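[1] 3D model of this:
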Amino acid sequence: MPDIRINNITLYYEATGQGHPLLFLNGLGMSVRDWEGQVGYFSKKDYRVITFDYRGQGASDKPAGPYSISLFCDDTVRLLRSINAWPTHLVGLSMGGMIAFQMAVSHPEFIRSMVIVNSGPDLTLRTRAQKLELLKRRLIVRILGMRKMAEILAGRLFPEKGQEFLRREMARRWAQNDKNAYNNSVQALKDWSVSKHLGEILCPTLVISADQDYTPLSYKQSYVNKMPDAELVAIPNSRHATPLDQPEIFNEIVSEFLMQHS
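    Numbers count the residues shown, from 1 in each chain. Predicted structure coming up:
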C-alpha cells in the first residue's frame, strides 16, 4: 500500500474495500497491523476501510518532537483530504479516541459518525498518582527500553489463560517502536483536553468501554451525558485493547452502530 507526503513527512496508510470511508485510529504504540481483525470484517461490508501509522509509529516517518494531539489530528485531516475519504466514520482506540475527539471539535465536517473506544476527552494530570504513572512509563522506556515496556503492557492487557499467543505477539510488535518517538507520543497526551467543547460535538457517537479498562464506566458515562448524540456500551471480560481481546463482539457492536448512521 502507498506512502503519502503530509506535513513534510511520509505517512504509511492502507485502504481496503469500497463504500463509505471508515477510518480506524491507532492506540499509543500501535500500527495498522493491529486492526487486522477489523479490516477483514468491515471491508466486506461496503466500507472503504482506512488505517494509517501516525508520525512516530509503524512504517511512517519518525521526526523529532514535540508531538501533540492537535498535530496528529492535522495529519489525519490532511490524509483524508488527500485521498478523498471524507466525511468518514471514525473508530478511535485510546490515543486514537483522543484524536477523534479533537477532530470532532476542530474539523467536524470530516466526520460522519464516531466510535470512541476506551478513551476520553481529557488527560489533564490532576493527581500525584497520575503524574507518577506518566513519569514511570517514560522512565521505563528511557532506561529499560521498548522491549521491557512492551512486555509490561502485553502482560497487563492480555493476562488470561488462552491469551498466550496474543500476549507474545503484541509484546513483539510493541517492542519494535522507536523509543524516542514513543516518548514524544506519551508527552503529547499530557494535559490535553477538549472537555469544555463536549456540548458542541453533534455527530452520532458510540462510546465503547471495556469492563476492566484503566478508567471506570462512570467516567465514560459522565462525559457521554454532556454530548448531544452519544451512547455508552460496555464489553465484558475485556481490558484496554478491546478490539484485540474481544474482536467478535466488538465488530458486531460497531457494525450495528455504523449501519444506523450510513
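
[2] In which helix or strand does Val91 reside?
    Take DSSP states H and E as the rule and Val91 turns out to sit in strand 88-93.

[3] go on, Ile4?
    strand 3-6.

[4] Point out the other elements, helices or strands, that that strand touches.
    On a contact count with 3 or more CB pairs under 8 Å, 6 or more residues apart in numbering; DSSP states H and E, strand 3-6 meets strand 9-16, helix 69-82. C-beta: built from backbone N, CA, C; applies to glycine.

[5] Sort out which residues of the shortest one are buried, please.
    The reference is to strand 9-16. For strand 9-16, the neighbour count (16 or more other CB atoms under 10 Å) marks 11-16 as buried.

[6] That one packs against which elements?
    Applying 3+ CB pairs under 8 Å, 6+ apart, one finds that strand 9-16 contacts strand 3-6, strand 47-52, helix 69-82.

[7] Could you rerun that using 10 Å?
    In terms of contacts (3 or more CB pairs under 10 Å, 6 or more residues apart in numbering; DSSP states H and E), strand 9-16 is packed against strand 3-6, strand 20-25, helix 36-42, strand 47-52, helix 69-82.

[8] now the angle between helix 69-82 and it, please.
    Strand 9-16 runs at 60 degrees relative to helix 69-82, counting by axes from the mean of the first three to the mean of the last three CA atoms, to 10 degrees.

[9] what's near enough to touch Arg126?
    Asp191 (CB atoms under 10 Å, 6 or more residues apart in numbering).

[10] For Leu125, report the pLDDT, please.
    On pLDDT, Leu125 comes in at 75.

[11] and the gap between it and Gln187?
    12 Å (CB to CB, to the nearest Å).

[12] so what's in contact with the two at the same time?
    Contact criterion CB under 10 Å, 6+ apart; residues shared by Leu125 and Gln187: Leu134.

[13] before we move on, the earlier item: of all the helices and strands packed on strand 3-6, which one comes closest to Leu244?
    Nearest to Leu244, of all the helices and strands packed on strand 3-6, is strand 9-16, at 17.6 Å by CB to CB.

[14] neighbouring contacts of the worst-scoring helix or strand of the chain on mean pLDDT?
    The weakest-scoring helix or strand in the chain, judged by mean pLDDT, DSSP states H and E, is helix 128-139 (a mean of 76). For helix 128-139, contacts defined as CB under 10 Å, 6+ apart pick out 28, 123-125, 127, 149, 152-153, 179, 182-183, 186-187, 189-191, 214.

[15] I'd like to know which of those are buried.
    Buried among the contacts of helix 128-139 by 16+ other CB under 10 Å: 28, 123, 149, 152-153, 179, 182-183, 186, 189.

[16] which ones are touching the closest residue in space to Ala59 that isn't next to it in sequence?
    Leaving out its chain neighbours, the residue that sits closest to Ala59 by CB to CB, 6 or more residues apart in numbering is Tyr12, at 3.8 Å. Applying CB under 10 Å, 6+ apart to Tyr12 gives the contacts 1-4, 31-32, 51-54, 57-61.

[17] From Phe52, how far out is Tyr12?
    Applying CB to CB to Tyr12 and Phe52 gives a distance of 6 Å.

[18] What is the neighbour count of Ile50?
    25 (other CB atoms under 10 Å).

[19] would you put the C-alpha positions of the strand holding Ile4 in CSV?
    C-alpha atoms of strand 3-6 as CSV (Å, rounded to 0.1, in the frame of the first residue of the first chain):
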residue,chain,number,x,y,z
ASP,A,3,3.0,6.2,1.4
ILE,A,4,1.9,9.8,1.3
ARG,A,5,3.6,13.1,2.0
ILE,A,6,1.7,15.0,4.7
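
[20] Run through who's touching it.
    Taking CB under 10 Å, 6+ apart as the rule, strand 3-6 contacts 9-13, 52-53, 55, 59-61, 74-79, 81-83.
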